[in-house]
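Undergrad: Provide a 3D model corresponding to the input given below.
(one chain, ligands or ions: 2)
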Amino acid sequence: MSAAVRPAGAAENAGAKVIIAHRGASGYLPEHTLEAKAMAHAFGADFLEQDLVLTKDGVPVVLHDITLEAVTDVEDRFPGRNRPDGKFYAIDFTLAEIKTLNVHERVDTKTGKPAFRSRFPQGLGQFRIPTFEEELQMIQGMNASRGMSAGIYPELKSPAFHHAEGKDLAAAVLPILKKYGYWGKATPCFLQCFEWPEVERVRKLGYPGQLVFLMGKTEVRMSESGDAVPLDASALKRIAEVADGIGPALGMVVDLKSPTLAPTGLIDKAHAAGLVVHPYTIRVDVPVDASRPDGAILFDAVLGKAGADGVFTDHPDRGVAWKRGR
Ligand code: G3P
Ligand code: CA
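TA: Ligands and ions are numbered 1, 2, ... in the order given. Next up, the predicted model:
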């Protein structure tokens with residue numbers, strides 16, 4: 001499935017490193033708003049990411065969390081609509097209700113303070129949660145009006161949670177991908193998911209396009225029992241039978257504690273298995289340590305020295321600038 005596949009979907013990017021706008025240009029505007037996506041498009045990002053969850057009425061919307069309180073005013077607008085754990089689940093709200101929410105910069109729900117210190121201020125602006133289709137229409141419209149071919153990078157968020165709630169996220173998302181032309185390896189789309197059973201399942205459901213297995217640790221849950229197995233050559237080979245690439249956390253591909261941000265070797269092993277590697281996430285305002293605050297160092301380490309095929313970043317302008325400066 002994977003051996004011949006190299007990035008990216010957009011024809012003019014073939015063989016190049018790809019800059020993936022993580023939740024849009026989320027370093028500058030509230031994440032996953034259409035405004036953040038327009039800015040990422042204008043910056044020249046190769047791909048724009050969409051995290052996807054379902055509403056109560058089964059509509060895929062672009063939202064990172066399965067809950068709403070970290071990025072919206074849901075607590076003020078719908079008091080009492082939380083579950084016993086205190087959280088406001090998107091799946092408990094209709095699309096019409098979700099559309100009334102104002103989106104703000106992410107807050108740490110434990111402290112109520114902004115998750116990132118110097119990003120878009122709280123209390124300013126009016127932003128909405130877009131549906132997946134609204135976002136695809138906007139991206140395809142900007143591609144047409146700007147003569148560009150930015151790709152999409154949708155993520156199926158928490159499919160097991162959705163199944164437990166009696167909902168099928170993949171079954172809602174795949175027809176939309178087909179409708180908008182993202183149906184094949186040569187189309188500018190990577191579908192991604194953290195849950196291996198769902199990665200396997202989307203193939204069984206007939207998804208023919210590029211597919212990425214996300215992971216946060218060097219042990220991955222792939223076995224029938226759900227036990228974690230080491231991410232060795234045998235696991236990578238098995239992944240490559242189904243998926244086209246992996247999306248590991250940054251610290252899995254470079255040693256964030258080493259002064260030189262030395263490659264860990266995972267990218268070479270994944271390439272040997274025929275997989276592309278798109279690590280996440282470079283944030284230039286979150287230094288890997290206080291002495292190395294420059295995001296360019298990370299772009300250099302991850303895309304340059306370690307040899308990743310692309311990278312997710314909250315600051316796609318910096319990634320595009322890094323590419324242009326090569
Ligand atoms: O999908 C790549 C990266 O976005 C994974 O992390 O939590 O930001 O979705 P997360
Ligand atoms: Ca994501």
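Undergrad: bridging residues for the residue of the chain found nearest ligand 1?
TA: Closest residue of the chain to ligand 1, C-beta to the nearest ligand atom: Tyr280 (3.7 Å). Quick note: C-beta positions are derived from backbone N, CA and C, even for glycine. Under DSSP bridges, the beta-bridge partners of Tyr280 are Ala249.
Undergrad: just checking, it touches Ser26?
TA: No. Counting by C-beta atoms under 8 Å, Tyr280 stays clear of Ser26, with 12.0 Å between them.
Undergrad: which stretches of this structure aren't confidently modelled?
TA: Scanning the chain for pLDDT under 70 picks out 1-15, 289-294.
Undergrad: Any residues of it in contact with ligand 2? List them.
TA: Contact residues (C-beta under 5 Å from the ion) of the chain with ligand 2: 51, 155.
Undergrad: neighbours around the residue in the chain that ligand 2 sits nearest to, how many?
TA: Using C-beta to the ion, Glu155 is the residue of the chain that sits closest to ligand 2, at 4.2 Å. Counted with other C-beta atoms under 10 Å, residues neighbouring Glu155 total 22.
Undergrad: May I have the beta-bridge partners of it?
TA: Here Glu155 sits in beta bridges with Asp51, Gln192, as judged by DSSP bridges.
Undergrad: In contact with it, which residues?
TA: 49-52, 191-194, 214 (C-beta atoms under 8 Å, 6 or more residues apart in numbering).
Undergrad: rerun at 7 Å
TA: When contacts are counted by C-beta atoms under 7 Å, 6 or more residues apart in numbering, Glu155 is found next to 49-52, 192-193.
Undergrad: Give me the subset of those residues that also touch ligand 1.
TA: Subset of those in contact with ligand 1: 51, 192, counting by C-beta under 6 Å from any ligand atom.
Undergrad: With distance to Pro263 and neighbour count as new columns, can the contacts of Glu155 be given to me in JSON lines?
TA: Formatted as JSON lines, the contacts of Glu155 follow (distance: C-beta to C-beta, whole Å; neighbours: other C-beta atoms under 10 Å):
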{"residue": "Glu49", "distance to Pro263": "24", "neighbour count": "28"}
{"residue": "Gln50", "distance to Pro263": "29", "neighbour count": "26"}
{"residue": "Asp51", "distance to Pro263": "28", "neighbour count": "21"}
{"residue": "Leu52", "distance to Pro263": "31", "neighbour count": "27"}
{"residue": "Gln192", "distance to Pro263": "22", "neighbour count": "26"}
{"residue": "Cys193", "distance to Pro263": "25", "neighbour count": "26"}
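Undergrad: quick one: the spatially most central residue of the chain from Ala25, how far?
TA: In the chain, the C-alpha nearest the mean C-alpha coordinate belongs to Glu49, at 4.8 Å (C-alpha atoms, centre = their mean). Look at Glu49 and Ala25: by C-beta to C-beta, to the nearest Å, they are 11 Å apart.
Undergrad: residues making contact with the helix or strand where Ile176 lies?
TA: According to DSSP states H and E, Ile176 maps onto helix 169-179. Helix 169-179 has contacts (C-beta under 7 Å, 6+ apart) with 52, 54, 58, 60, 132-133, 154, 156, 159, 162, 183, 189, 198, 201-202, 205, 207.
Undergrad: and it, C-alpha only, in CSV?
TA: What follows is helix 169-179, C-alpha atoms only, in CSV (Å, rounded to 0.1, in the frame of the first residue of the first chain):
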residue,chain,number,x,y,z
LEU,A,169,-17.5,9.5,12.6
ALA,A,170,-15.7,7.8,9.7
ALA,A,171,-19.0,6.9,8.0
ALA,A,172,-20.0,10.6,8.1
VAL,A,173,-16.6,11.9,6.9
LEU,A,174,-15.8,9.5,4.0
PRO,A,175,-18.7,10.5,1.8
ILE,A,176,-17.8,14.1,2.2
LEU,A,177,-14.2,13.4,1.2
LYS,A,178,-15.6,11.6,-1.9
LYS,A,179,-18.0,14.4,-2.7
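Undergrad: how about the helices in this protein?
TA: Taking DSSP state H as the criterion, the chain contains helices spanning 34-43, 74-77, 95-98, 132-146, 159-164, 169-179, 196-204, 233-240, 250-253, 266-272, 295-299, 316-324.
Undergrad: export those helices to a markdown table and tack on mean neighbour count and distance to ligand 1?
TA: Shown next, in a markdown table, are the helices of the chain (neighbours: other C-beta atoms under 10 Å; distance: least, C-beta to the nearest ligand atom, whole Å):
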| stretch | mean neighbour count | distance to ligand 1 |
| --- | --- | --- |
| helix 34-43 | 22 | 13 |
| helix 74-77 | 16 | 20 |
| helix 95-98 | 17 | 19 |
| helix 132-146 | 16 | 15 |
| helix 159-164 | 17 | 13 |
| helix 169-179 | 18 | 14 |
| helix 196-204 | 18 | 13 |
| helix 233-240 | 18 | 16 |
| helix 250-253 | 21 | 10 |
| helix 266-272 | 18 | 15 |
| helix 295-299 | 21 | 15 |
| helix 316-324 | 21 | 13 |
